[in-house]
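3D, please:
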Amino acid sequence: MATGKAFKDVQLINGAGFEYSNGRMASNRLTRNQIELLYKTDRIVTGNEAIKINDIIEARNHFLAVDMVLSNAMKPLNQTLIHQVQMQLLSDNCRHKRHAPIPYGYRKSSTAPKFGKTTPPSEIGAAMTALIKEYESQKYIGFHEILDFHVKFERIRPFEDCNGRVGRLLMFKECLRHSVTPFIIDDKRRTGYLEGIRCWDKDRSVFMDVCMEAQMRFEAQIALQGLLECQDRFKRIATKTK
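So this is what the prediction gives:
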């Protein structure tokens, strides 16, 4: 079971990092430096670049969604939490007046297939109930089972928007819950990530390789954070002893 210290480390490292990676996967154009500044200070520096208001709102929403996931990390999956994560990601979303606002909750309309056959709107509630029941009833849940849940979730495509971001946040939560090294998929691995979901039934190694590589990068990030904290402590001790 993950400890409070482990969750704190995860939050420190991923408040900005997770939003940058997950946002880029969803076409958010804020730079990593802008995301980190926004996370730490609630400010943003734009220079001469035009920035969409929605990109800023989505970044702030993602910080809060990560907090929500961490607060519920050890709890079983349920549809209420999944809805809450999507609602947080869309909170105060500011779209151009020519576009209708993105609705909360499950899809009410059909959508273009992204990973093969997509669940019709009328069947989404039942499909999500069955998926969660199947997942939670397993005697053992590990890396493979978490990835399998994610693939099935993305194929249902329950929402009008935020399916990928919600799904990746849920993967992160479930890794913490089941003592699996968590990971973040960044936009540099987007092609492999999407292909891995498409070919999961025929070749599971594609998606697993992408996620295992992300796990190694996450572990390296945790180790670096630990070294930086030690270095900072030594500096403070050295300053006091002068």
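
where along this protein do the strands fall?
Counting by DSSP state E, the chain forms no strands at all.

now the helices for it?
4-25, 32-41, 53-71, 79-90, 124-136, 143-156, 163-177, 190-198, 205-241 (DSSP state H).

out of the ones you listed, which gets nearest to T118?
Nearest of the helices of the chain to T118, taken as CB to CB: helix 143-156 at 6.9 Å. To be clear about C-beta, it is placed using only N, CA and C from the backbone, and glycine gets the same treatment.

go through the helices of the chain and pick out the most buried.
helix 163-177 (a mean of 22; mean count of other CB atoms under 10 Å).

same for that helix, what does it pack against?
helix 4-25, helix 53-71, helix 79-90, helix 143-156 (3 or more CB pairs under 8 Å, 6 or more residues apart in numbering; DSSP states H and E).

now G105, nearest residue through space, not along the chain?
Nearest residue to G105 in three dimensions, chain neighbours excluded: H83, at 6.5 Å (CB to CB, 6 or more residues apart in numbering).

the one you found and H178: what is the separation?
22 Å (CB to CB, to the nearest Å).

centre-most residue in the chain?
The centre of the chain sits closest to L169, judged by CA atoms, centre = their mean, with a distance of 3.0 Å.

and it, what's its pLDDT?
pLDDT for L169: 96.

model confidence for the closest residue to it other than its chain neighbours, exactly?
Excluding its sequence neighbours, the residue lying closest to L169 (CB to CB, 6+ apart) is V69, at 5.1 Å. pLDDT for V69: 93.

V69 contacts E174, correct?
No - taking contacts as CB atoms under 8 Å, V69 lies outside contact range of E174: 9.6 Å.

ok, back up a step: check contacts around the residue nearest to L169.
85, 169-170, 172-173 (CB atoms under 8 Å, 6 or more residues apart in numbering).

run the last query once more with 7 Å
85, 169, 172-173 (CB atoms under 7 Å, 6 or more residues apart in numbering).

so which of the residues you listed comes closest to M74?
K173 (9.0 Å).

how close does the residue nearest to that closest one when sequence neighbours are not counted sit to L176?
Nearest residue to K173 in three dimensions, chain neighbours excluded: V69, at 4.5 Å (CB to CB, 6+ apart). From V69 over to L176 the distance is 8 Å, taken as CB to CB.

switch the helices of the chain over to TSV; also include distance to A112.
Converted to TSV, those look like this (distance: least, CB to CB, whole Å):
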stretch	distance to A112
helix 4-25	18
helix 32-41	30
helix 53-71	22
helix 79-90	19
helix 124-136	16
helix 143-156	13
helix 163-177	12
helix 190-198	14
helix 205-241	21
